[in-house]
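In: Predicted model follows, preceded by the sequence.
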Amino acid sequence: MDNTRSERNAGEENEEARSSKLQRLFDQYCVENSLPPYPPIRTPAAKVVRSSRKNRNAVDAMTWSQQNTESTLAGVPFDDYLGLRLYHSDPIDLVNAACQAKGKMFIDHEFCVHDASEITVNGEQLTPGIITPLNVQDLANSGERKRVARIKHFSKMARRTGSSGEWTWVRGSAMPGRKMFASSDSVCSQNVIQGKVGNCGFCSGFASLAAQFPHVAMHAFGASATGAQLVGSGAFSICLYPGGKKRFILLDDYVLCIVGTAASPSLHSLNENDLWI
């Protein structure tokens, strides 16, 4: 019980620290650009819930933990950027070897959506990664009827009842025929499809990149895109250049899907076998 309480408190403290860091960055930006102060960020704690300690122990024994990541990459330097680790060198080979040795699939605990995790939003336990307490706060405070209605819609999609039309997370490596790049012309603007999430501005950025610099997107996946086939560890890395510095972010291969299908309700490629977007 004490361990459970300590883990929960640590999670809440990490969330508070992340929000505080983000607030400082916003404040600095406003000062430098002579803008009015950004309103305080208040992030309700989003806690991971599991049905029982017995089930939790069984799940933990089978899944890749945050401690596994930290021990595997202990010697790899990284930058902390808004709570995300950006590694100075590509960590994918180390992670693949560790997963194979441990007989586990990699899980990205910075964006944790595996089957054993849940998030509590407005007192309801939901599938994580679809709507968060911060999303709810932003939408509710907008005062716009259409945006407020999204809270109910996305909460419904995130319920874990298995009903038709709801959304769930599936490993891309477990989906037959799926590859990072299904063909040599996978990266093109015509393949960028928005889906059912209101993020057209975000999608347009990918479409512009694919239209003007398709080689940049393919290069970003580096070694993990070799042979265009996902590796069995369920991990891949993406090369980024924040501030002109070469860095790598480590991700797992979970893909948002409509329950009972391989179709994605979110940003995806027109080529159904592509997983790069």
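Out: Yep, that arrived. Numbers count the residues shown, from 1 in each chain.
In: For Ala74, pull up the helix or strand it's in.
Out: Remark: Ala74 resides in no helix or strand, with elements defined by DSSP states H and E.
In: And for Thr168?
Out: strand 167-171.
In: Buried residues, that strand. List them.
Out: Of the residues in strand 167-171, those with enough neighbours to count as buried (16 or more other CB atoms under 10 Å) are Trp167, Thr168, Trp169, Val170. To be clear about C-beta, it is placed using only N, CA and C from the backbone, and glycine gets the same treatment.
In: of those, closest to Met180?
Out: Here the nearest of the buried residues of strand 167-171 to Met180, counting by CB to CB, is Val170; it sits at 15.6 Å.
In: Show me the beta-bridge partners of that closest one.
Out: Counting by DSSP bridges, Val170 forms beta bridges with Val255.
In: So it is in contact with Tyr254, correct?
Out: Yes - the pair Val170 / Tyr254 is scored as a contact, 6.9 Å apart, by CB atoms under 8 Å.
In: so where do the strands sit in this structure?
Out: 78-81, 84-87, 119-121, 124-126, 167-171, 192-193, 235-240, 247-252, 254-258, 268-269 (DSSP state E).
In: okay, now Leu250: neighbour count?
Out: 25 (other CB atoms under 10 Å).
In: Tell me who's in contact with it.
Out: By CB atoms under 8 Å, 6 or more residues apart in numbering, the contact set of Leu250 is Thr69, Arg85, Tyr87, Pro91, Ile92, Val95, Phe106, Asp108, Ala235, Phe236, Ser237.
In: Equivalent analysis for Met175, please.
Out: Applying CB under 8 Å, 6+ apart, we find Met175 in contact with Val255, Ala262.
In: same question, Cys203
Out: Neighbour list for Cys203: Val192, Ile193, Gln194, Leu267 [criterion: CB under 8 Å, 6+ apart].
In: 6 Å instead?
Out: Taking CB atoms under 6 Å, 6 or more residues apart in numbering, we find Cys203 in contact with Val192, Gln194, Leu267.
In: how close does Asp90 get to Ala149?
Out: Look at Asp90 and Ala149: by CB to CB, to the nearest Å, they are 43 Å apart.
In: And these two? Which one has more around it.
Out: Neighbour count, other CB under 10 Å: between Asp90 and Ala149, Asp90 has more, with 19 against 11.
In: Thanks again, I'm all set now.
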